[in-house]
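Asker: Sharing a model prediction with you, sequence too.
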Amino acid sequence: MKDGVNGVALGVFIFFFLLVTVMGFLAARWRRAENESLDEWGLGGRSFGTWITWFLLGGDLYTAYTFVAVPAAIYATGAAGFFAVPYTILVYPLIFTFLPRLWSVSHKHGYVTTSDFVRGRFGSKGLSLAVALTGILATMPYIALQLVGIQAVLDVMGVGGGENTNWFVKDLPLLIAFGVLAAYTYSSGLRAPALIAFVKDALIYIVIAVAIIYIPIKLGGFDDIFAKAAHAFSQTNPATGKPRGAVVPGEASQWTYATLALGSALALFMYPHSITATLSSRSREVIRRNTTILPLYSLMLGLLALLGFMAIAAGVKVQNGQLAIPQLFEDMFPDWFTGIAFAAIGIGALVPAAIMSIAAANLFTRNIYKDFIKPDATAEQETRVSKLVSLLVKVGALVFVLTMDKTVAINFQLLGGIWILQTFPALVGGLFTRWFHRWALLAGWAVGMVYGTVAAYGVASPTQKHFGGSAKEIPGIGEIGYIGMTAFALNVVVSVVLTFVLKALKAPEGVDETSPQDYTADAGDPGVAVELPPATAGSAH
């Protein structure tokens, strides 16, 4: 690790940070309609075309946490960390089947959140509230991890001083980054991350393309990289008494690998920020096209994961695995390009953090504030509340990062994945059938949430007594698998069984405000309730 502050890298980083800051504030004037509403602030006027949506979804799904944590998992444990690659391959055929339906019914009825749809489909504010609270809880640690990504870059650049530095001075750069993020998100809404995503994705593609060619040349080629990685993983970990990892996962870990990949694929588009970016699109066809071109990011992710092996081969030694890739960049690249790489990670945190805070705020405003506190809230009042809540969500994430160990933040994000998966039956099931009973879905959600939380609480790691991981023995099978999938299976079983029981008892099912044709409606179809305002009706390509 280089001593002191890397001035050249810091200068390049600041340049790009100022660039996206200016873009964030200018986005407030980008195709903005006169009316103030959640459609405008929280969904960008529902006007984004194919390429804007592609960059927005890519910036939303492939975050600073992805950039730092996926290769960090490879660095720490070996090929088991590659689970992120197959799960992002599995997810796109899956979302091709249901995202266009969600877009259509949401556009028809003016739904802003998944909870809006669940309430309209099942006539249940209770089930809607459960989905909203789950989305907010799962999103908070995810935002925190974006700030962890920024902090990792700042630490490697030497900004903020050492561990003995006054806490305010040490965390001041992160506080400044947070303040800027909060300001332009408040001002510009979803248009800010949509515009900044172009810069973020361009930088990430450039950095990965250079890294995958330049670093192997400096390290003697991929043969040497894999040989050194295999040797390092064969060494005994003193904390566990077992080998550190493996270049190829053993048979014992196959269930864990497969269930984690499948569960993560099912959960990814349950997150509120994924749906927010989706609903900002202007047509069904935009969604369908994006599910076919988004896999380009999976190719990028596979190359990105290889950086974990490169960090081992380069002799990177860090106590915190999250610093491995930033440290690799500083060690291998010229200072000026290190600054570009760090800017890619930093901006890669700002884009998803903005979208996540907007999505969480929309859930609170539409499904807690409007449904339970002020049912007669005007569009302007909704927007004002959502703006304020987006600030509070970011403050909560910042406090989480500054007061808790980074490992805790990561494990709570894993717990968030277990939680958000429990909304799948209500959301995706509701998009295709009205057969499930609302009370059965609520009971299934509760069982999945309780089991998933209790099971995760009982998982220990060398550094933690509780919430030390997301894998545990699957009851009745005996294999180690992803807790989220076990909880999901229990959720589905309870929902199905109770639906039979409640239908037999003729329990009231609630009113479905949707109709079959709503699920295939497009923007220009007659009778569609949400019309694009004149200022946003132009081409978004």
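Answerer: Noted; the coordinates are in hand. Residues are numbered from 1 along each chain as shown.
Asker: Show me where this protein has its strands.
Answerer: For the chain, the strands defined by DSSP state E cover 236-237, 242-243, 471-473, 480-482.
Asker: Identify, out of the ones you listed, the most deeply packed stretch.
Answerer: Of the strands of the chain, the one with the most neighbours on average (mean count of other CB atoms under 10 Å) is strand 480-482, at a mean of 24. For the C-beta atoms, the positions are set from N, CA and C on the backbone; glycine is no exception.
Asker: Give me the contacts around it.
Answerer: Strand 480-482 is contacted from outside by 252-253, 255-256, 258-260, 262-264, 470-474, using CB atoms under 8 Å, 6 or more residues apart in numbering.
Asker: start to end distance for stretch 311-326?
Answerer: End-to-end distance of stretch 311-326 (CA to CA, to the nearest Å): 10 Å.
Asker: Next: stretch 301-315.
Answerer: End-to-end distance for stretch 301-315, by CA to CA: 22 Å.
Asker: What residues of that stretch count as buried?
Answerer: By 16 or more other CB atoms under 10 Å, the buried positions in stretch 301-315 come out as 301-302, 304-314.
Asker: Mind pulling the model confidence for Leu363?
Answerer: Among the per-residue scores, Leu363 holds a pLDDT of 96.
Asker: just for the chain, where's the confidence low?
Answerer: Applying pLDDT under 70 to the chain picks out residues 1-3, 31-35, 160-170, 239-240, 405-409, 524-541.
Asker: in it, which residue is closest to the centre?
Answerer: The residue lying closest to the centre of the chain (CA atoms, centre = their mean) is Leu61, at 5.2 Å.
Asker: how much space between it and Leu414?
Answerer: Here Leu61 is placed at a distance of 17 Å from Leu414 (CB to CB, to the nearest Å).
Asker: now Ala455
Answerer: Applying CB to CB, the value for Ala455 to Leu414 is 12 Å.
Asker: returning to what we had before: looking at the strands of the chain, which is nearest to Ala277?
Answerer: Ala277 sits nearest to strand 480-482 of all the strands of the chain, at 25.1 Å, using CB to CB.
Asker: Report the distance from the closest one to the chain centre.
Answerer: With CA atoms, centre = their mean, to the nearest Å as the basis, strand 480-482 stands 22 Å off its chain's centre.
Asker: Ok, stretch 174-194 next?
Answerer: How far stretch 174-194 lies from its chain's middle: 17 Å, per CA atoms, centre = their mean.
Asker: Could I get the buried residue list for it?
Answerer: For stretch 174-194, the neighbour count (16+ other CB under 10 Å) marks 174, 177-178, 180-182, 184-194 as buried.
Asker: go on, stretch 193-213?
Answerer: 193-201, 203-205, 207-208, 211-212.
Asker: Pick the one among those residues closest to Thr139.
Answerer: Among these, Pro193 lies closest to Thr139 (CB to CB), at 14.4 Å.
Asker: Does that closest one touch Val351 like I think?
Answerer: Yes - when contacts are counted by CB atoms under 8 Å, Pro193 is listed as touching Val351 (4.5 Å).
Asker: now the helices for the stretch 351-500 of the chain?
Answerer: 379-403, 406-421, 424-432, 438-457, 483-504 (DSSP state H, counting those that start in this stretch).
Asker: From the contact counts, what lies against the first one?
Answerer: Read that as helix 379-403. With contacts taken as 3 or more CB pairs under 8 Å, 6 or more residues apart in numbering; DSSP states H and E, helix 379-403 sits against helix 38-41, helix 125-157, helix 167-188, helix 335-364.
Asker: Can you tell me which of those is nearest to Phe372?
Answerer: Distance to Phe372, taken as CB to CB, is lowest for helix 125-157 among the helices and strands packed on helix 379-403, at 7.4 Å.
Asker: about what we covered before: in CSV: the helices of the stretch 351-500 of the chain, plus mean neighbour count and distance to Ser281.
Answerer: As requested, those are exported to CSV (neighbours: other CB atoms under 10 Å; distance: least, CB to CB, whole Å):
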stretch, mean neighbour count, distance to Ser281
helix 379-403, 19, 20
helix 406-421, 22, 21
helix 424-432, 21, 16
helix 438-457, 21, 27
helix 483-504, 20, 27
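Asker: can you redo these as CSV with distance to Ile368?
Answerer: Converted to CSV, these look like this (distance: least, CB to CB, whole Å):
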stretch, distance to Ile368
helix 379-403, 9
helix 406-421, 17
helix 424-432, 17
helix 438-457, 16
helix 483-504, 23
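Asker: Ala521 is nearest to which of these?
Answerer: Closest among the helices of the stretch 351-500 of the chain, using CB to CB: helix 424-432, at 13.3 Å.
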